[in-house]
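J.: curious how this folds, go ahead:
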Amino acid sequence: MTVIIQNDQLIAKIAEHGAELISLQSKEHNLEYIWQGNPEFWGRHAPVLFPFVGRLKNDEYMYQGKTYSMGQHGFARDMDFEVIEQGPEQASFRLKSTPETKKNYPFDFELVITYELGGDGITVHYQVENIGEEEMYFSIGGHPAFNVPLEEGLTFEDFYLAFSPRKSRLRLPLAGPYIDLDQRTLGQTNTNLALDRELFDQDALVFETKGLNAYSIRSEKSRHSVTLSYKDMPYVGIWSPYPKEAPFVCIEPWCGIADTVNSNGSLMEKVGIDQLGAHEIFQTKYSITVK
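T.: Just a heads-up that it's a prediction; the model follows:
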């Protein structure tokens with residue numbers, strides 16, 4: 001089932017499966033900003049990454065002497081959420097732990113994702129609650145894909161990435177699917193970055209971030225653009241599949257990253273992992289604005 005919310009400017013569609021944003025359209029321009037999931041390139045739209053971001057070494061981790069299996073980006077994106085609130089401009093979705101999820105993730109949790117339209121944008125709220133009695137370890141992140149080009153008659157290479165603030169950010173390179181912390185460098189995010197396929201020949205660009213950050217996809221040949229912004233999410237990934245000439249770019253705000261090349265597999269020692277005490281709540285959000 002698909003939930004539809006709208007205001008004067010935008011229509012958003014969210015699938016109950018994965019609580020995934022599958023469409024964000026401008027009413028005035030009849031323009032679709034979200035990638036529509038052609039499986040030839042990538043069959044998703046804007047999946048929710050939980051309880052892990054990225055890939056674990058050997059797709060497994062260790063906790064309290066036991067080894068658990070978990071695929072890339074966790075299981076939430078492949079599960080049905082419950083709609084717990086729906087209004088004209090806002091909808092909330094809930095996923096709770098079950099005996100089945102605890103086979104691969106031994107924590108009692110409640111995840112609520114809220115989509116809220118406002119003016120020319122949508123805000124995605126994440127709330128993670130530890131409903132168990134022991135410390136809970138998790139990561140969460142977004143993976144929205146945006147159509148590039150944003151209008152007919154233009155090409156992928158007509159667009160560029162703009163960063164705010166315009167400053168260098170620490171780049172965390174990937175070695176295969178894993179983060180290589182020993183090769184950290186300063187990335188060129190103090191200037192606009194032209195989009196081309198070779199930008200992604202080593203997979204995603206991953207940066208450490210602090211404070212308020214915004215990333216825009218723009219073109220000097222178009223009046224249309226999309227901007228993703230957030231405050232105090234510690235990482236961002238920027239990705240388009242290579243060498244496929246996929247007509248989209250993902251801007252992914254993350255609380256957590258893939259395992260490092262030197263990871264020992266221990267969940268409690270995982271770089272970037274968040275933790276919650278019994279009955280504590282974690283909240284964060286990001287926003288997408290469009291023109």
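
J.: looks to me like M268 is in a helix.
T.: Yes - per DSSP: H, G, I helix; E, B strand; the rest coil, M268 lies within a helix segment.

J.: what helix or strand is the closest residue to it other than its chain neighbours located in?
T.: Among residues not flanking M268 along the chain, Y137 sits closest, at 6.5 Å (Cβ to Cβ, 6 or more residues apart in numbering). Just so you know, the C-beta spots here come from the backbone N, C-alpha and C atoms, and that holds for glycine as well. Under the criterion of DSSP states H and E, Y137 resides in strand 136-138.

J.: partner strands of that strand, with direction?
T.: Strand pairing for strand 136-138, using DSSP bridges, gives strand 274-276 (antiparallel).

J.: what comes up buried for the partner strand?
T.: For strand 274-276, a neighbour-count test (16 or more other Cβ atoms under 10 Å) marks 274, 276 as buried.

J.: list the helices and strands the following helix or strand past it packs on?
T.: The helix or strand immediately downstream of strand 274-276 is strand 281-290, counting by DSSP H and E. Counting contacts by 3 or more Cβ pairs under 8 Å, 6 or more residues apart in numbering; DSSP states H and E, strand 281-290 packs against strand 20-26, strand 121-130, strand 140-142, strand 226-231.

J.: on that earlier part again, distance of the residue nearest to M268 from F282?
T.: Computed with Cβ to Cβ, to the nearest Å, the distance linking Y137 and F282 is 11 Å.

J.: how many other residues sit next to V3?
T.: Using other Cβ atoms under 10 Å, V3 has 18 other residues around it.

J.: return the distance of it relative to I113.
T.: With distances taken as Cβ to Cβ, V3 is found 11 Å from I113.

J.: same question, V148
T.: Distance of V148 to I113, computed by Cβ to Cβ: 25 Å.

J.: more neighbours: which of the two?
T.: Neighbour comparison, V148 and I113: the larger count goes to I113, with 25 against 21 (by other Cβ under 10 Å).

J.: following element in sequence after the helix or strand containing A91, please.
T.: Assigning secondary structure by DSSP H and E places A91 in strand 90-96. Downstream of strand 90-96, the next assigned helix or strand under DSSP H and E is strand 109-118.

J.: parallel or antiparallel, which strands does that following strand pair with?
T.: By DSSP bridges, strand 109-118 pairs with strand 90-96 (antiparallel), strand 121-130 (antiparallel).

J.: which neighbours do V3 and I113 share?
T.: Residues touching both V3 and I113 (Cβ atoms under 8 Å, 6 or more residues apart in numbering): F93.

J.: tell me the bridge partners for the nearest residue in space to G87 that is not next to it in sequence.
T.: Excluding the flanking residues, the one nearest G87 by Cβ to Cβ, 6+ apart is I5, at 7.4 Å. I5 has these beta-bridge partners by DSSP bridges: A12.

J.: again, but for Y137
T.: Q275.

J.: so who does it touch?
T.: Contacts of Y137 (Cβ under 8 Å, 6+ apart): 63, 107, 267-268, 270, 273-275.
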